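J.: With the sequence up front, the predicted model follows.
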Amino acid sequence: MPVQPQHRVDEARLAAWLATHIPNCTPPVRLEQFRGGQSNPTYLMATGAQRYVLRKKPPGALLPSAHAVDREFRIMRALQTTDIPVPRTYALCHDESIIGTAFFVMAYVEGRVFWDHSLPDATLAERASIFDEMNRVLAALHRVDYAAAGLGDYGRPGNYLGRQIARWSKQYRDSATHRIEAMNRLIAWLPENIPPGDETTLVHGDYHLNNMIFHPAEPRVLAVLDWELSTLGHPLVDLAYHCLDWMLPPDMLGRLGGTDVQALGIPSMDAYVDAYCRRSGRRSIEHFEYYQAFGLFRIAAVHQGIAKRIEDGSVSSPEARAVARPAYLAELGWQQVERILARRGSIRQ
């Protein structure tokens, strides 16, 4: 779509910077804005016969550590030495005088992006293959030797849930526009009930079907995108957050909640988790409901940030008003906690 008024940049100034930082990237520069995405504005950038993607922080006052385009750039550059499919990265700019915020430039990857998780245009066999490929790539990410890839300091090993709960509680409070009682209950309950056991791997943090580019004709991932929330963390928390796609409704970016996935040839959430376990050498996963309660809490905090940016007029996507539903997500998270508590009560009885 055309660049939205609040996301316009000085194309001449950008072109001058590109000419000195990316070989053969010469003026003039033509920008269009990608639809979708609620966080960092992303542009299709054409210079001559070349096409690139530019991703930047949004304008306006931002929460600390949010919209970390520098971290996205770093992890994608590091993963180019692994078997995880990511776009080639070209340059990172911290100088806000160029286009108003920090930004980076990466390769444009030609392929398919699926916005509807039910894959209405695919056959049963194609759907099964696409979901299996998505599962394969996530398991492969969690196997990456992050120290060997130069990412040993990309986060802090251990106590991932404790640190994440504290971080997102603060992010929520800093962006709150009204009181959400379910969110307050989650903020109180989650840190007091963190399950035992910990692991540390690279985690994507927002792993979804619509954050990938697939081959134009094959069920093969060409690029995993949107690494803004990536860090060193617990792989099963990453998996559980991803599996919220089976719980959230279709009107939230085409998720699968309430959908007869078996009729579509899509694996159930349990079957999908079993496939991940086989790939990662696990027998089963304990505390999965807790991890999903945390995931719903975190996505509610993210959506509250979107709601705040809507209020401030700096949101990236025109569809954001229909997407931002923090109270609904927080209530789902607390319902997950109530299921955990009910099960504990049944065990005690």
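T.: The structure has been received and is ready for your questions.
J.: Okay, Ser280 and Val273: tell me how far apart.
T.: 10 Å (CB to CB, to the nearest Å). The C-beta positions use only the backbone N, C-alpha and C, and glycine is treated the same way.
J.: before we move on, what about Phe288?
T.: Taking CB to CB, one finds Phe288 at 7 Å from Val273.
J.: sorry, back to before: please identify which of Ser280 and Val273 sits among more neighbours.
T.: Higher neighbour count among Ser280 and Val273: Val273, with 22 against 17, using other CB atoms under 10 Å.
J.: How much space separates Met269 from Ala275?
T.: As defined by CB to CB, Met269 lies at a distance of 11 Å from Ala275.
J.: Check Phe288 too.
T.: 14 Å.
J.: Over to Glu110?
T.: The spacing between Glu110 and Ala275, counted by CB to CB, is 28 Å.
J.: What strand or helix carries Phe294?
T.: Here Phe294 is covered by helix 288-312, with elements defined by DSSP states H and E.
J.: the more surrounded of Met269 and Ala275?
T.: Shown here are Met269 and Ala275; by other CB under 10 Å, Met269 has more neighbours (19 against 16).
J.: thinking Gly111 is in contact with Ile213, fair?
T.: Yes. Gly111 lies in contact with Ile213 (CB atoms under 8 Å); the separation is 4.1 Å.
J.: So for those two, which residue has more residues nearby?
T.: The neighbour count for Gly111 versus Ile213, taken as other CB under 10 Å, is higher for Ile213 (20 against 15).
J.: Look at the more buried one and tell me its secondary structure.
T.: Taking DSSP: H, G, I helix; E, B strand; the rest coil as the rule, one finds Ile213 in the strand state.
J.: about what we covered before: show me whatever sits in contact with both of Gly111 and Ile213.
T.: The contact sets of Gly111 and Ile213 overlap at 222-223 (CB atoms under 8 Å, 6 or more residues apart in numbering).
J.: pLDDT of stretch 291-299, averaged?
T.: Average pLDDT, stretch 291-299: 97.
J.: how far is that stretch from where the chain is centred?
T.: 13 Å (CA atoms, centre = their mean, to the nearest Å).
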